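Undergrad: return atomic coordinates for the entry below.
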Amino acid sequence: MYDYLVVGAGLFGSIFAYEAKKRGHSVLVIEKRDHLAGTMYTENQDGINVHKYGAHIFRTDSDKVWEYIQQFAEFNRFTNSPVAIYKDELYNLPFNMNTFNKMWGVKTPEEARAKIDEQVKEAGITEPKNLEEQAISMVGTDIYEKLIKGYTGKQWGRPCSELPSFIIKRLPVRMVYDNNYFNDKYQGIPIGGYTQIVEKMLNGIEVKLNTDFFENREEFESCAKKILFTGMIDEYYDYYYGELEYRSLRFEHERLECENYQGNAVVNYTEYEIPYTRIIEHKHFEFGCQGGKEGSIPHTVITREYPATWQRGDDPYYPINDEKNNSLYEKYRKLADDEGKVIFGGRLGMYRYFDMQTDIIAALELVDKEF
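TA: Residues are numbered from 1 along each chain as shown. I've put the predicted structure just below:
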């Protein structure tokens, strides 16, 4: 009999297991995948740490979060500065003066703002009702048509006119020449990849990989005093009220016998006709291309990222937090509130999008509450 069974060896579950063990509790962690670290898993392939489930860039404004994660890895100074390709045109992201200069030839913030205001006025938008109108009201029609419309349509599998406006409200728009996508105080990639972080967290804790909770549910429910479940909350309740909706992703990895394929870690492809949303070149996350200098790696690994409709059995990535799904989740949350033994946590258990820093914050909040 364990004190805690943790279902899922991703970041959230691993933090909880680590903190529980530190306080003297016995813990069993089970994971249905064949590896630790969930979707932030990195795999070393001939000297390149490949982000197997898409680009993971750690960033936070919180001193507490930064101090916490650095117990488990040393971070480099990587700055996320993606570029976007539309047909044969290349633009800097996030939307900043470099983007506006390339799009319109403007040189000053005043000129850029005037151009945007002119296009917003022509579109006649006063109160944005959907993502399309919200985007146009923020950056005008030219940038919307070239850099948002196709990319977002691919990402969510529906036209921007049918998506809620809140999805794009946090998109950075800057009137300065600055290609740093994030504004956070701390930003970087762990030297040696992400998997080591969870390995260190779970050191000394019993872990069973390739183990599906639902295949031996009765046995697992009876082996611990309490359960932290980080899988899908609707699946735990056997979809009693129906399925929550997600977007999924498919990844196509390829090794290329060249030193430098695209010159940047992340390149977005914004036209709808190209089926993938971006190409990631992993060696750039850890500065693995040194232009032929000693220590450079002569080959490279790229990943094409394809958005996909989620169906049972697929990996769920992005909760679709629209009104319908949030209302359905509330029904499951009320069931969860009545549970005495089971705690739900993480992106799937709480049905909300977490990046790594919000995952850490939510996990530590649960630790404070539980202990």
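Undergrad: who touches residue 310 in this structure?
TA: 245-248, 316-317 (CB atoms under 8 Å, 6 or more residues apart in numbering). (C-beta placed from N, C-alpha, C; glycine too.)
Undergrad: do that again at 10 Å, thanks
TA: Under the criterion of CB atoms under 10 Å, 6 or more residues apart in numbering, the contact partners of residue 310 comprise 157, 243-249, 316-320.
Undergrad: equivalent analysis for residue 28, please.
TA: Counting by CB under 10 Å, 6+ apart, residue 28 touches 2-7, 17, 205-208, 211, 220, 223-224, 227.
Undergrad: swap in residue 151?
TA: Applying CB under 10 Å, 6+ apart, the residues contacting residue 151 are 84, 86, 160, 268-272, 274, 277-278, 307.
Undergrad: cutoff 7 Å now
TA: With CB atoms under 7 Å, 6 or more residues apart in numbering as the criterion, the residues that contact residue 151 are 268, 270, 277.
Undergrad: and for residue 231?
TA: For residue 231, the contacting residues are 7-8, 213, 348-349, by CB under 7 Å, 6+ apart.
Undergrad: okay, now the nearest residue to residue 140 once chain neighbours are set aside: neighbour count?
TA: Computed as CB to CB, 6 or more residues apart in numbering, the closest residue to residue 140 that is not its neighbour in sequence is residue 119, at 3.4 Å. The local packing of residue 119 (other CB atoms under 10 Å) involves 19 other residues.
Undergrad: rewinding a little: can I get the contacts of residue 310 in CSV with distance to residue 22 and secondary structure?
TA: Shown next, in CSV, are those (distance: CB to CB, whole Å; DSSP: H, G, I helix; E, B strand; the rest coil):
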residue, distance to residue 22, secondary structure
157, 42, coil
243, 37, coil
244, 33, coil
245, 37, coil
246, 33, strand
247, 36, strand
248, 35, strand
249, 34, strand
316, 30, coil
317, 30, coil
318, 32, strand
319, 30, strand
320, 36, coil
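Undergrad: export those to a markdown table and tack on neighbour count?
TA: Listed next are the contacts of residue 310 as a markdown table, based on neighbours: other CB atoms under 10 Å:
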| residue | neighbour count |
| --- | --- |
| 157 | 15 |
| 243 | 14 |
| 244 | 23 |
| 245 | 18 |
| 246 | 21 |
| 247 | 17 |
| 248 | 17 |
| 249 | 20 |
| 316 | 22 |
| 317 | 18 |
| 318 | 17 |
| 319 | 22 |
| 320 | 21 |
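Undergrad: pick out the most distant pair among these.
TA: Pairwise distances across the contacts of residue 310 (CB to CB) peak at 18.1 Å, for the pair 243 and 249.
Undergrad: on that earlier part again, doesn't the residue nearest to residue 140 lie inside a strand?
TA: No - membership of residue 119 in a strand is not supported by DSSP: H, G, I helix; E, B strand; the rest coil, which gives helix.
Undergrad: what sits against it?
TA: Each residue near residue 119 by CB under 7 Å, 6+ apart is listed here: 140-142.
Undergrad: which strands and helices sit next to the helix or strand encompassing residue 140?
TA: Counting by DSSP states H and E, the element that carries residue 140 is helix 131-143. With contacts defined as 3 or more CB pairs under 7 Å, 6 or more residues apart in numbering; DSSP states H and E, helix 131-143 has these neighbours: helix 109-123.
Undergrad: any chance you could map the strands in the stretch 251-371 of the chain?
TA: Taking DSSP state E, counting those that start in this stretch as the criterion, the stretch 251-371 of the chain contains strands spanning 266-269, 278-281, 300-309, 318-319, 342-344.
Undergrad: contact partners of the lowest-mean-pLDDT helix or strand in the chain?
TA: The least trusted helix or strand in the chain, going by mean pLDDT, DSSP states H and E, turns out to be strand 318-319, with a mean of 94. By CB under 7 Å, 6+ apart, the surrounding residues in contact with strand 318-319 are 244, 246-247, 325, 347, 351-353.
Undergrad: same question for stretch 169-187.
TA: Contact partners of stretch 169-187, identified using CB under 7 Å, 6+ apart, comprise 57, 59-61, 66, 78-82, 92-98, 109, 112-113, 134, 138-139.
Undergrad: quick one, which of those residues are buried?
TA: The neighbour count (16 or more other CB atoms under 10 Å) marks 57, 59-60, 66, 78, 80-82, 92-98, 112, 134, 138-139 as buried among these.
Undergrad: just the ones of the residues you listed in helices?
TA: Using DSSP state H, 66, 97-98, 112, 134, 138-139 are the members of the buried ones among the contacts of stretch 169-187 that sit in helices.
Undergrad: could you work out the most separated pair of those?
TA: 66 and 112 (33.1 Å).
Undergrad: low-confidence ranges in the stretch 251-371 of the chain?
TA: Segments of the stretch 251-371 of the chain classed as low confidence (criterion: pLDDT under 70) are 289-295.
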